[in-house]
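In: Predicted model and sequence follow; I will ask about them next.
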Amino acid sequence: MRVEKHPILGDAGQRETVNITVDGRVIQARKGESISAAMLAEKLRICRHTTKSKEARGLFCGIGQCTDCVMQVNGVPNVRTCITEVQEGMTICTQEGVGTWEAKDE
Amino acid sequence: MNNSKIDLLVVGAGPAGLGAAIEAAKRGAKVLVVDENARPGGQLFKQIHKFFGSKEHMAGTRGFTIGEKLLQEAKEHGVMVMLNTLAWGIFKDNVVVVKKDDQSYSIQARKVVIATGATENGLSFKGCTKPGVITGGAAQTMVNIQRVTPGERILMVGTGNVGLIVSYQLMQAGADVVGIVEAAPTVGGYDVHANKVRKAGVPIYLGHTVVEALGANEVSGAVIAPVDCNFQPKKEEAFQVECDTICLAVGLSPRIDLALNAGCEPIFSPVLGGHMPWHDQRMRSLTDVYVAGDVAGIEEASTALEEGKLAGVAAADDLGLLGSEERDTIYQEIESRLNKLRSGLYGDKRRVAKLELMEKGCENHEQR
């Protein structure tokens, strides 16, 4: 849920939007926010599955320390989504295990 | 960047790091601050509540305002700040190696202040790794910086000031806090914060702990239970609480990896959050290395700022930049402000623990 009104911080106001794709689904994010924030606003909380037991993991510390929220972003695995800002056209995928590097189409 | 000589390199742009940088720069030192984050200020910019203490500690001012003031002051005194820059090692002759944009650089400094802050503690229970179990700091970042609630029905664990304040801030953001769980028999934080959440109708489960996070893939509820005199959950009295998020505010630990890498001696103090680098009365941990803020023992932002200032003044002094007249007064001034912050029911314990920490290592340091 987005916090549009706030008693101390005031109104969020109109923020520019960017489109990102999470596991094939296009979602509208706000410019300047983290991938984690954009996903939480859409109630998407699973970032990856662990290598051995395939358990789901998601955001934990929110400041880039714990690495629980890593995902594959634009073909690069292990990107900490809590401290990575959204960019127009970003492609984000749930990471399986340690992830894989995607070959770039040149 | 390679081999550029800096008077003082500060690792961490939170209140302690900025405080150190400003005080040293004020006295003529060439100061560089590096921080791994994209924004400076450490955790100050998510603190939307008013700070405590007296006027000289900027009491009554909200955390983010203090952050803005510090950044302004740093700028005025010519402090350089490098962001997105991770300090990953401190080597011989004060060579600090940093990484920025996948490139490593070595920076040599005459003095180094380590102000790397803290890491939030986790809590072990069944399902504690499920998406939806997050830290208090993560919740605060989400609602106050990113402006997204981490969930809609939140169970908080821990009634220290972080747990209480973040609970209130989650409500200010429009989330529902379904309860606060506390293993101890009494609330840990200040009454003023506890009363705010109580008034809002949030139940505080004293003498309880979380036993399990429910849900197939992500949190869809919690099981909590009262604890016995050994803090073990009485499972036969466990009950379910409806929630979609479990928020852990169960303390912090000093983030000491860089300090240890530099060669600082770890000292253990339960009151101050675990292991932390030994330091003397002027925050000196090694001949050229100072520590300040949460890395030197968990306290709070105002104390971190004062410790930072102390480290900055001490570094300037050791660099020969402090006038003899000023030397007579400045240490006393900072010390008196620190003592005020470390007084009262909670503060006294920290003041005593700090003194013990300094004494403990002292013997070893004299032996060397």
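Out: On my side now, so go ahead.

In: got a list of what the most centrally placed residue in chain A touches?
Out: In chain A, the C-alpha nearest the mean C-alpha coordinate belongs to residue A:35, at 2.9 Å (Cα atoms, centre = their mean). Contact analysis of residue A:35 by Cβ atoms under 8 Å, 6 or more residues apart in numbering or on different chains lists A:20, A:29, A:71, A:73, A:79, A:81-82, A:84-86, A:90, A:92. No exception for glycine: its C-beta is placed from N, CA and C like everyone else's.

In: how far away is it from chain B?
Out: The gap separating residue A:35 from chain B is 10 Å, by Cβ to the nearest Cβ, to the nearest Å.

In: Quick check: pLDDT value at residue 72.
Out: As the question left the chain open, I've gone with chain A. We have a pLDDT of 98 for residue A:72.

In: Switch to chain B, please.
Out: Per-residue pLDDT puts residue B:72 at 93.

In: what kind of secondary structure is it in?
Out: Three-state call for residue B:72 (DSSP: H, G, I helix; E, B strand; the rest coil): helix.

In: tally of neighbours for it?
Out: By other Cβ atoms under 10 Å in any protein chain shown, the residues close to residue B:72 number 11.

In: give me the number of residues near the closest residue in space to residue B:151 that isn't next to it in sequence?
Out: Distances taken as Cβ to Cβ, 6 or more residues apart in numbering or on different chains place residue B:245 nearest to residue B:151, at 3.0 Å, with adjacent residues excluded. Using other Cβ under 10 Å, residue B:245 has 28 other residues around it.

In: okay, and for the chain, where does confidence drop off?
Out: I went with chain A, as the question did not name one. Low-confidence segments of chain A (pLDDT under 70): A:104-106.

In: sorry, should have said chain B
Out: For chain B, the stretches flagged by pLDDT under 70 are B:1-4, B:53-55, B:362-368.

In: near chain A, which residues of it?
Out: B:36-38, B:48, B:62, B:119-120, B:122, B:129-135, B:137-139, B:141-144, B:146-150, B:152, B:172-175, B:217-218 (Cβ under 8 Å from any Cβ of the partner chain).

In: Please spell out the PyMOL selection for the buried subset of those residues.
Out: Remark: buried members of those, expressed as a PyMOL selection using 16 or more other Cβ atoms under 10 Å in any protein chain shown:
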select buried, chain B and resi 36+37+48+62+119+120+122+129+130+131+132+133+134+135+137+138+139+141+142+143+144+146+147+148+149+150+172+173+175+218
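
In: Which of the residues of chain B next to chain A fall within helices?
Out: Mapping the residues of chain B next to chain A onto helices (DSSP state H) picks out B:137-139, B:172.

In: Quick check: of the residues you listed, which lies closest to residue B:271?
Out: Nearest to residue B:271 among those: residue B:137, at 20.7 Å, using Cβ to Cβ.

In: Scan chain B for its longest helix.
Out: From DSSP H, the single longest helix across chain B is helix B:344-367.

In: helices and strands around that helix, which ones?
Out: On a contact count with 3 or more Cβ pairs under 8 Å, 6 or more residues apart in numbering or on different chains; DSSP states H and E, helix B:344-367 meets strand B:266-269.

In: Might you quantify the distance of the helix or strand just after the strand it packs on from its chain's geometric centre?
Out: Downstream of strand B:266-269, the first helix or strand assigned by DSSP states H and E is strand B:274-277. Relative to its chain's centre, strand B:274-277 lies at 13 Å (Cα atoms, centre = their mean, to the nearest Å).

In: What distance do you get for residue B:334 to residue B:354?
Out: To residue B:354, residue B:334 is 14 Å away according to Cβ to Cβ, to the nearest Å.

In: Would you mind listing what in chain A touches chain B?
Out: A:1-9, A:12, A:33-34, A:36-38, A:40-41, A:45-47, A:55-65, A:68, A:82-83, A:85.

In: What about those residues, which are in strands?
Out: Taking DSSP state E as the definition of strands, these contribute A:56-57.

In: Which parts of chain A are helices?
Out: Under the criterion DSSP H, helices of chain A are mapped to A:35-41.

In: Residue B:341: what's it in contact with?
Out: Residue B:341 neighbours (Cβ under 8 Å, 6+ apart): B:53, B:57, B:299-300, B:302-303, B:306, B:347.

In: let's see it at 6 Å
Out: Taking Cβ atoms under 6 Å, 6 or more residues apart in numbering or on different chains as the criterion, residue B:341 is in contact with B:302-303.

In: mind checking how far it is from residue B:116?
Out: According to Cβ to Cβ, residue B:341 and residue B:116 sit 21 Å apart.

In: Count the neighbours of residue 101 for me.
Out: No chain specified, so I'll use chain A. Neighbour tally, residue A:101, other Cβ under 10 Å: 10.

In: actually it's chain B I care about, not the one you picked
Out: A count of nearby residues for residue B:101, using other Cβ under 10 Å, gives 6.

In: quick one: the nearest residue to it once chain neighbours are set aside from residue B:40, how far?
Out: In space, and not counting its chain neighbours, residue B:101 is closest to residue B:84: 7.4 Å by Cβ to Cβ, 6+ apart. Separation of residue B:84 from residue B:40 (Cβ to Cβ): 11 Å.

In: Quick check: closest non-adjacent residue to residue A:32.
Out: Leaving aside its chain neighbours, residue A:32 sits nearest to residue A:85 (6.3 Å; criterion: Cβ to Cβ, 6+ apart).

In: can you map out the helices along the stretch 1-150 of chain B?
Out: Using DSSP state H, counting those that start in this stretch, the helices of the stretch 1-150 of chain B run over B:15-26, B:63-76, B:136-140.

In: Of those, which stretch is the most buried?
Out: Neighbour counts (mean count of other Cβ atoms under 10 Å in any protein chain shown) averaged over each of these peak at helix B:15-26, with a mean of 30.

In: Just the angle for it relative to helix B:63-76, thanks.
Out: 30 degrees (axes from the mean of the first three to the mean of the last three Cα atoms, to 10 degrees).

In: Name all residues that make contact with residue B:279.
Out: The contact partners of residue B:279, by Cβ under 6 Å, 6+ apart, come to B:285, B:291, B:296.

In: Fine by me, thanks again.
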